[in-house]
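In: The amino acid sequence is not available; the structure is as follows:
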């Protein structure tokens, strides 16, 4: 690990940049840790790792996207049906689902008759 004081980093900036391409460079100010200089590639890798850590795996992200889509569809159904209470909404949703299922069965029976 490379370490420079703030004054050394200022006067040897090119050296700091070169060393940061290989590993993080710590810079102190008044004897205390102040900043760490890393390469752009290392910085992008760190950001990607943080995003992955906080967003979960891509499979989790896909599941979350599907769940959000289902919630959005539910919200649209609530608005479409004009329902404001849960039990009434569920009753209407079941009736709507039953009607769709029956319509599909009718279509299937009709297509077999042809």
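Out: Ah, there it is. All values derive from a computational prediction rather than experimental measurement. Numbering: from 1, shown residues only.
In: quick one, longest helix in the chain?
Out: With secondary structure taken from DSSP state H, the chain has its longest helix at helix 86-113.
In: What is that one packed up against?
Out: When contacts are defined as 3 or more Cβ pairs under 8 Å, 6 or more residues apart in numbering; DSSP states H and E, helix 86-113 sits against helix 58-81. Where C-beta positions appear, they are placed from N, C-alpha and C, glycine not excepted.
In: If you count neighbours, what's buried in the helix it packs on?
Out: Residues of helix 58-81 classed as buried by neighbour count (16 or more other Cβ atoms under 10 Å): none.
In: Distance from the chain centre to that helix, please.
Out: Relative to the chain's own centre, helix 58-81 is displaced by 15 Å; criterion: Cα atoms, centre = their mean, to the nearest Å.
In: chain center to the longest helix of the chain, what's the gap?
Out: The answer for helix 86-113 is 35 Å, by Cα atoms, centre = their mean.
In: Report the angle between it and helix 58-81.
Out: 100 degrees (axes from the mean of the first three to the mean of the last three Cα atoms, to 10 degrees).
In: What's the mean pLDDT across helix 86-113?
Out: Average pLDDT, helix 86-113: 76.
In: before we move on, what about stretch 18-32?
Out: 92.
In: okay, how far is it across that stretch, tip to tip?
Out: 23 Å (Cα to Cα, to the nearest Å).
In: Can you tell me how far residue 44 is from residue 11?
Out: Noted for residue 44: a distance of 28 Å to residue 11, by Cβ to Cβ, to the nearest Å.
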